[in-house]
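**Student:** Output the structure for:
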Amino acid sequence: MPEQTPQTVAVLGLGHMGGPMAANLVAAGHAVRGFDPSADALTRAAAAGIVPAGTIAEAVRGADAVITMLPSGELLLQAYDGPDGVVAAAASAGAVLVDCSTVAVDDARRAHDLAAAAGLGMIDAPVSGGVVGAAAGTLTFMVGGAQEDLERARPLLEVMGGRVVHCGEVGAGQAAKLCNNMLLAISTIATAEAFALGERLGLSAQALYDVASASSGQCWSLNVNCPVPGPVPASPANRDYEPGFAVALMRKDLRLAGEAVASTGAPCELGLRAAQTYERLAAEGLADRDFSVVYRTLADRVAAAS
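**Tutor:** Reported below is the predicted structural model:
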């Protein structure tokens, strides 16, 4: 990675993803100010060299770039708007705004409109790679927005991630994230069902893995995040489905995908069925487990039927 020109960066949202991302910026030589409503998150951030701020405006004022990693589009728009919000505080320094949250495409566009009205550049840049990728600095960024705004943000994105993909205009990054995660949910459920059927037929998980992982059934959900304990030692299935990427987060992304399906009329039958599955898993008390836990619920049904 080329040597970084130090910048002043505000990071809003210092949780499991935003905290490690901000820490990587500090390690690369940037001056990072952070805000989070959680006192514990601020304490952890301070230990990583991030300067804690008492308000959004305090974190943002004078920054070259503002990175948001927030739980919802509603919170993103609240953070951007108002006299003490991101846009007002960032306007004097002309900061570039980078939203790494996963939100609805329409919310990303509304945030961009707020920024543009104040003369600020803004990109939506949701991520793939989870907590492990955030800590390792290997995230993939899916970017929507103008090329010039991406280029301003690129040096920071390249510290936090291993790949930056420009997907198109504003909102395209969010569109890519929702489509990718809908595909991920479907492939994970399909992988879990294949192993459940194999078990019913007397086939060992290892034998099925050895065949499918080197054949036409191979996919990330099988080869890397195998939902069955045993075949892939590093997968969450071998750690009691410790996330990883939690069921609650997959449910959120599938809800957003479902809203997009409803608004566009796209034929996404399997995506909507996957959303129902993850709603059920959350209702069964598995919201904090890795999303690959779907296999365990199928295995329990196989055992009950035996």
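**Student:** by contact count, what packs against the helix or strand harbouring H112?
**Tutor:** Secondary structure from DSSP states H and E places H112 in helix 105-117. Helix 105-117 sits against helix 73-80, helix 86-90, strand 96-99, strand 122-124, helix 172-200, with contacts defined as 3 or more Cβ pairs under 8 Å, 6 or more residues apart in numbering; DSSP states H and E. From N, CA and C alone the C-beta is placed, and that goes for glycine too.
**Student:** residues of it that come out buried?
**Tutor:** 105, 107-112, 114-115 (16 or more other Cβ atoms under 10 Å).
**Student:** ok, back up a step: most tightly packed of the helices and strands packed on helix 105-117?
**Tutor:** Sort those by mean neighbour count, taking mean count of other Cβ atoms under 10 Å, and strand 122-124 sits at the top with a mean of 31.
**Student:** following it, which helix or strand comes up?
**Tutor:** strand 127-128.
**Student:** That following strand: partners in the sheet, and parallel or antiparallel?
**Tutor:** Strand 127-128 pairs in its sheet with strand 139-144 (antiparallel), by DSSP bridges.
**Student:** Run the chain-centre distance for the partner strand.
**Tutor:** 10 Å (Cα atoms, centre = their mean, to the nearest Å).
**Student:** Which residues does it contact?
**Tutor:** 21, 100, 108, 123-129, 133, 150, 157, 160-177, 180 (Cβ atoms under 8 Å, 6 or more residues apart in numbering).
**Student:** and with 7 Å instead?
**Tutor:** Strand 139-144 is contacted from outside by 108, 123-129, 133, 150, 157, 160-174, 176-177, using Cβ atoms under 7 Å, 6 or more residues apart in numbering.
**Student:** For whichever helix or strand comes after it, name the packing helices and strands.
**Tutor:** Counting by DSSP H and E, the next helix or strand C-terminal to strand 139-144 is helix 147-160. Contact here means 3 or more Cβ pairs under 7 Å, 6 or more residues apart in numbering; DSSP states H and E; on that basis helix 147-160 packs against helix 18-27, strand 96-99, strand 122-124, strand 139-144, strand 161-168.
**Student:** Of all those, which one comes closest to S38?
**Tutor:** For S38, the closest of these is helix 18-27, at 9.9 Å, according to Cβ to Cβ.
**Student:** Can you give me the buried ones in the closest one?
**Tutor:** Buried, per 16+ other Cβ under 10 Å, within helix 18-27: 18-26.
**Student:** do stretch 33-53 as well
**Tutor:** 33-36, 41-42, 44-45, 48, 50-53.
**Student:** What is the end-to-end distance of that stretch?
**Tutor:** Terminal residues of stretch 33-53 lie 6 Å apart, using Cα to Cα, to the nearest Å.
**Student:** re earlier: derive a ChimeraX selection command for the buried subset of the contacts of strand 139-144.
**Tutor:** The buried subset of the contacts of strand 139-144, as determined by 16+ other Cβ under 10 Å, is captured in ChimeraX by this line:
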select :108,123,124,125,126,127,128,129,133,150,157,160,161,164,166,167,170,171,172,173,174,176,177
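**Student:** ok, what's across the strand from the residue nearest to the spatial centre of the chain?
**Tutor:** Residue closest to the average C-alpha location in the chain (Cα atoms, centre = their mean): V127, at 4.5 Å. Here V127 sits in beta bridges with F141, going by DSSP bridges.
**Student:** And the pLDDT for it?
**Tutor:** Per-residue pLDDT puts V127 at 96.
**Student:** dump the residue contacts of V131.
**Tutor:** 16-17.
**Student:** Helix or strand: which one has it?
**Tutor:** helix 130-136.
**Student:** Mind listing what's buried along that helix?
**Tutor:** Buried, per 16+ other Cβ under 10 Å, within helix 130-136: 130-131, 133-135.
**Student:** One more: stretch 263-280?
**Tutor:** Using 16+ other Cβ under 10 Å as the burial criterion, the residues of stretch 263-280 that qualify are 268, 271, 274-275, 277-278.
**Student:** If we ignore the residues flanking it in sequence, what's nearest M21?
**Tutor:** M160 (4.8 Å; Cβ to Cβ, 6 or more residues apart in numbering).
**Student:** ok, that neighbour touching G137?
**Tutor:** Yes: counting by Cβ atoms under 7 Å, M160 touches G137, with 5.7 Å between them.
**Student:** In contact with the nearest residue to N181 once chain neighbours are set aside, which residues?
**Tutor:** In space, and not counting its chain neighbours, N181 is closest to D253: 4.3 Å by Cβ to Cβ, 6+ apart. Taking Cβ under 7 Å, 6+ apart, we find D253 in contact with 102, 178, 181.
**Student:** repeat that with 8 Å
**Tutor:** 102, 177-178, 181-182, 185.
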